[in-house]
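Undergrad: Turn this into a model:
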Amino acid sequence: MSLHYLNFKITSDQPLLSDFMRKKLNPLQIHLLACKDIPYKTEHKFKPIHCQVKFIDGKSFKTLDFPQQPFIKFMHKHVFLVGLHDPVMFRELLATHVVKVDLHDCDEYVPPEDEKDAKFSIGQAKYTFKDFLRPNCRELKLRSDVFPVKRELQDNTQNLDLNTTARKGERGIEKFSPYLINATYAVMTAELAFPIGSFNEEHELKKLQAIKDGENGVPDTISQAPT
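TA: Got it, this is the predicted structure:
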């Protein structure tokens with residue numbers, strides 16, 4: 001008997017971040033809820049299903065493996081710290097990039113020496129977080145259809161031939177893909193601690209210093225009226 005995975009929970013009676021650091025780092029929690037109507041496989045050569053979530057800044061995380069089945073509740077949470085990014089650059093990323101969820105339901109068991117070069121078909125759902133740029137927006141619930149992705153994306157950037165005949169053999173989306181036939185889709189939520197752009201470091205530092213001075217018994221010279 002072997003242990004396939006271990007699930008445990010860590011609790012704390014105190015917040016992990018102080019109020020100041022929570023406002024400064026502004027945690028963004030992505031919660032991949034579920035994927036439905038998956039064209040699951042019954043052959044033993046296929047591995048369990050998992051998802052790979054790629055954030056707008058290129059970082060990614062992987063869910064747990066689940067047995068091949070048509071409906072999977074991933075219920076996987078991951079936190080990204082928005083405050084670590086340049087504010088202007090992060091707004092640009094929100095406006096121009098999407099969050100991608102790669103559905104790995106076609107991965108097969110292969111010999112260990114071939115695993116590195118093995119490539120399998122995947123499905124992909126895409127989500128835009130552009131609504132976070134709206135004032136006071138802190139939470140999104142999103143649904144996206146899953147579309148098939150080519151095993152190898154063809155790079156035509158070095159192709160100087162402008163004749164489109166050379167591309168006749170290329171195929172974008174498979175019209176009869178199992179994802180399209182089953183209408184496979186994925187659902188996720190995203191929640192910010194604070195709206196984008198609401199943090200003023202200079203103002204928050206003054207508030208923090210005032211609290212420390214009050215705890216140390218230092219009089220608040222700002223609020224005292226002149227005698």
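
Undergrad: other SSEs contacting the lowest-mean-pLDDT helix or strand in the chain?
TA: Lowest on mean pLDDT, DSSP states H and E among the helices and strands of the chain sits helix 201-215, with a mean of 76. In terms of contacts (3 or more CB pairs under 8 Å, 6 or more residues apart in numbering; DSSP states H and E), helix 201-215 is packed against helix 19-25. In short, each C-beta sits where N, CA and C put it, glycine included.

Undergrad: Can you check what pLDDT the model gives Thr96?
TA: With respect to pLDDT, Thr96 scores 96.

Undergrad: How much space separates it from Thr11?
TA: 38 Å (CB to CB, to the nearest Å).

Undergrad: who has more neighbours, those two?
TA: Ranked by neighbour count (other CB atoms under 10 Å), Thr96 and Thr11 place Thr96 first, with 10 against 4.

Undergrad: Relative to Asp57, how far out is the more buried one?
TA: 12 Å.

Undergrad: ok, now Asp145?
TA: 24 Å.

Undergrad: same thing with Val110?
TA: For Val110 relative to Asp57 (CB to CB), the value is 31 Å.

Undergrad: any weak-confidence spans in this structure?
TA: The chain contains residues with pLDDT under 70 at 1, 4-5, 151-175, 217-227.

Undergrad: What is the neighbour count of Ala190?
TA: 20.

Undergrad: check contacts around the closest residue to it other than its chain neighbours.
TA: Closest residue to Ala190 apart from its sequence neighbours, by CB to CB, 6 or more residues apart in numbering: Leu140 at 4.7 Å. By CB atoms under 8 Å, 6 or more residues apart in numbering, the residues touching Leu140 are 129, 131-132, 189-191.

Undergrad: OK, contacts around the most centrally placed residue in the chain?
TA: The centroid of the chain falls nearest to Phe55 when counting by CA atoms, centre = their mean (4.3 Å). For Phe55, the contacting residues are 30, 80, 99, by CB under 8 Å, 6+ apart.

Undergrad: after the helix or strand that contains the first one, next one along is what?
TA: Read that as Ile30. Using DSSP states H and E, the element containing Ile30 is strand 27-36. Remark: after strand 27-36, the chain's next helix or strand is strand 50-54, criterion DSSP H and E.

Undergrad: I'd like to know which elements that next one is packed against.
TA: Using 3+ CB pairs under 8 Å, 6+ apart: strand 50-54 touches strand 27-36, strand 60-62, strand 72-81, strand 99-104.

Undergrad: what comes up buried for whichever helix or strand comes after the last one?
TA: Next in sequence after strand 99-104, counting helices and strands by DSSP H and E, comes strand 122-127. By neighbour count with 16 or more other CB atoms under 10 Å, strand 122-127 contains the buried residues 122-125, 127.

Undergrad: JSON lines for the helices and strands packed on strand 50-54, including distance to Lys45?
TA: Output for those, formatted as JSON lines (distance: least, CB to CB, whole Å):
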{"stretch": "strand 27-36", "distance to Lys45": "21"}
{"stretch": "strand 60-62", "distance to Lys45": "21"}
{"stretch": "strand 72-81", "distance to Lys45": "19"}
{"stretch": "strand 99-104", "distance to Lys45": "14"}
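
Undergrad: Of all the ones you listed, which one comes closest to Asn7?
TA: strand 72-81 (10.7 Å; CB to CB).

Undergrad: Starting from the closest one, tell me which strands it pairs with and how they run.
TA: strand 27-36 (antiparallel) (DSSP bridges).
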